[in-house]
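Chemist: Just need the structure, nothing else, for what follows:
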Amino acid sequence: RLPPLSPHFLMMEFRSTSASSASSPRFLAARPQRHVISGPRPLSTLDVPRSGTFLPTTTTTVGDPEIDATVDSQANNGSNQSRIGSTNRNRATARLKRSFDNSRKLGTRVISDISVRTAGFYQAVMTSASTRRNIRRSGLVNVTRTKSFDDWVKKNIEVRECVKFVKKADAPDNDPVCYCRNKRSVHLRGRTIEMPEDSTWTQRGFTERTENTAFGKIMFENVEQSIDEAQYMRIAVDYGNSPYKEKLNTLIKDFWKLDPPGLLISVSGGAKSFNVSQDICASFQQGLLNAAKSTDAWIITGGQYCGVMKLVGDVIARTVSKRRIPTIGIGNWGKTWRNEKLLIENRRSDAMDTTYYPVEEPAKGFATLDPNHTHHFLVDDGTTGNDGIEYGFRAALEMLICEMHKIENVRLPMVCIMVEGGMRCLEIAKGTLENGNTLVVLKGSGRVSDILCYCFENSIEIEKDGGKKERILPSESEKEIKKLIQKDFGKYNIEREMLDLVLKISNYRDFVTIFSIHNPEPLDFYILSSLMSSANANVMAAAKMRQMRLAITWGHAKIARQFIFSQKLYKFSADELNQLMFFSI
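Modeler: Next up is the predicted model:
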C-alpha cells in the first residue's frame, strides 16, 4: 500500500516507459494496471507493465520523516506491487488534489529536488489519455517536461528577433510598423534600437539570434485531436546550416525520443488552393498510411491545417495503432496564425508546461497549425509574412535524418510525394532530386503535378557533346505546357521561371515515378518501386541488401523480382541470401 498522501509529498513529473502509453484508451484498458514501489535499482532493470505506465523523472519532498521511513523500509524489502482498479485510481487522484490544496493553504513550497535513485522509484498509472490530461489540467502533475530540457533549449536552440526598428513610411503614427512587418510593441523589449526612417532595413543586419521563448508541449483547442500532446519548437532559420546539425540530432534523439525510422516520407502539395477529387485523396491517404505503418516511417509536411497537410493529419488521426507515426510539420513562424499564443510568457496560469493553441480560420496570408501532427518546427527569420523561409531548413533536416539513421554507410531511404501543388512544390521537388532522393507524382491531382506528368510523358532524351544526356520538349509539347501554366498560374507572371524548373526536373526521369489511381497497384507499391528503380545504378552490396530488407518488410515479392533479382549487375552471395532468410524469419 502507498503511504498516505500529505501536504509534504507531491509527485511532480512523470515520463512514459514505452511508446505504447500513447495508445488508445481501448488498448490501455485491455490489460490490468499496476502501481509499483521498488527499491533503488537502476531504471533500466525495473520490471514494469508496458501499458499506460509512467515513471517519475523528479520526486520532490520537504523531508517528512514518516514518509521517508516508509519509503526506505519498502525499498529495502524489495518491490511491492498491487493492482489498482478504476475506483482506487479516482480515490488516489482525489487524495492528491486535497493534498495539493492543503499545501497551498499552508504556504508549503517545494524546496528540494531529490534524485529518484535516493528517494525510491514511484511508478503511477494513468489508464487513458483523458485521465492524464484531466490531472495535468488540474495543476497536479507535470507529465513530461523536465527542467533539464528547458535549460538545454534556452542554451542551444535560439530564435531570430528584429532588434533595430525602422518605421515604414506608409505606417500610421499611432501604430507604427517596422520593415520586418512587426509592430513596435512586438519588438524585443529593452533591446530594440530606434533607427532613422531613411535607414535601409536588411534581415541579416537588423535581426539577431536571441533566447528561445516558444517551445514545449501543445494542446489544440476547438477541435478533436487524436494525440494527447504534440511538441513544438520555434527555431532560427540559421539552424539549417551544418554547424547546428548536432543540436538538432540531440533534440530529436535525446529529448523527443523518436524511434528510428525505416523510411522518410516527405509530402508536398497544395495548401489553400487545394482542389483534388475525393478518389485521389482516398487513394493517397490509404497508400501513405500503408507505407508508413509497414516501414516505421517518419512523415514530414508543412504542418498546416489545410490542403494536403490536413489530409495527412486526418489519416494519422484515424490510425489505431500501438505506435504513433511521427508526423513532423515544418512551418513558418512569421506566417503562423496567433503565434503569440505559443510564447511561454502567454501561457494560461493553470497550464503549467503546456501551451493551448486555438484551431480557427486564419487571416489571409497566415496558416493554423495542424492538430494531428506529433511535432512542429516553426522556422523564424525575424520577420512576419515572408514566404518560403522554411524550405532550406526543411531540406537540411531531411538530409540530417537520413544521415542520422545510416546503416552500413547507406543512408536512410527517402521519398517525396507530390500532390497537386504550386511553385514552391517545384522547388521542393528539385531539391529532393538533387540530393539523390526519389519523387512520386500523383497524376490527375492538378496544377504542378499534372504539368510535371505531361512533361515526363512527352519529353525526349537527346545526347549532347561529350556524351551527356538531356531531356527536351518538342515545340508543340512546350506550347501545351505553357498553356497549362498560364491556365493555373497566369496571374503570377512566372511562366518562364516555372517552365525552366519543370525542364530541370525532367532530367531526373529515372528518379521520378508517376502514380495514377487507375494503375493496377496501390500507391505504397509505387513508393517502394521508386526506391528500387532509382538505385539500380548503385550496385553496392549494402545498397542491394537494404533494398531486399525493404521488400521483405513490405511483403512485396513482385518488387524484389522486378527491381532486384532482374539486375544482372549484382548477384547475391550464399552468405547474403542466408542473412536475408534469417531476416525474413
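Chemist: Sort out which residues of stretch 250-269 are buried, please.
Modeler: 251-252, 255, 258, 261-269 (16 or more other Cβ atoms under 10 Å). Just so you know, the C-beta spots here come from the backbone N, C-alpha and C atoms, and that holds for glycine as well.
Chemist: just stretch 335-346 next, same as before
Modeler: Buried, per 16+ other Cβ under 10 Å, within stretch 335-346: 335-339, 341-342.
Chemist: and Ile527, how far is that from Met233?
Modeler: In this view, Ile527 and Met233 are 28 Å apart by Cβ to Cβ, to the nearest Å.
Chemist: Same question for Phe149.
Modeler: 11 Å.
Chemist: Between which two of the buried residues of stretch 335-346 is the distance greatest?
Modeler: Lys335 and Lys341 (14.6 Å; Cβ to Cβ).
Chemist: what's the average pLDDT for stretch 335-343?
Modeler: Average pLDDT, stretch 335-343: 94.
Chemist: Now do the end-to-end distance for that stretch.
Modeler: 15 Å (Cα to Cα, to the nearest Å).
Chemist: Equivalent analysis for stretch 532-549, please.
Modeler: Stretch 532-549: ends 11 Å apart by Cα to Cα.
Chemist: Could you do stretch 358-372 as well?
Modeler: End-to-end for stretch 358-372, by Cα to Cα: 13 Å.
Chemist: same question, stretch 270-286
Modeler: 18 Å.
Chemist: likewise stretch 461-468?
Modeler: 10 Å.
Chemist: Going by neighbour count, list what's buried in that stretch.
Modeler: Buried residues in stretch 461-468 (16+ other Cβ under 10 Å): none.
Chemist: which residues are contacting that stretch?
Modeler: 469-472, 509 (Cβ atoms under 8 Å, 6 or more residues apart in numbering).
Chemist: so how far is Leu473 from Ala429?
Modeler: Ala429 is 17 Å from Leu473, by Cβ to Cβ.
Chemist: between the two, which one's more packed in?
Modeler: Ala429 (27 against 20; other Cβ atoms under 10 Å).
Chemist: In a markdown table: the buried residues of stretch 335-346, plus distance to Ala291 and secondary structure.
Modeler: Compiled in a markdown table, these are given as follows (distance: Cβ to Cβ, whole Å; DSSP: H, G, I helix; E, B strand; the rest coil):
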| residue | distance to Ala291 | secondary structure |
| --- | --- | --- |
| Lys335 | 29 | helix |
| Thr336 | 29 | strand |
| Trp337 | 31 | coil |
| Arg338 | 33 | coil |
| Asn339 | 32 | helix |
| Lys341 | 34 | helix |
| Leu342 | 31 | helix |
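Chemist: Pick the one among the residues you listed closest to Tyr391.
Modeler: Lys335 (12.6 Å).
Chemist: Tell me who's in contact with the closest one.
Modeler: 365-367, 384-387.
Chemist: and what of Phe582?
Modeler: Applying Cβ under 8 Å, 6+ apart, no residues qualify as near Phe582.
Chemist: Quick check: phi and psi at it.
Modeler: The phi and psi values for Phe582, taken as degrees, to the nearest 10, are phi -70, psi -40.
Chemist: likewise Asp380?
Modeler: According to degrees, to the nearest 10, Asp380 has phi -130, psi 130.
Chemist: what number of residues lie near Val311?
Modeler: One correction, residue 311 is Leu, not Val. 23.
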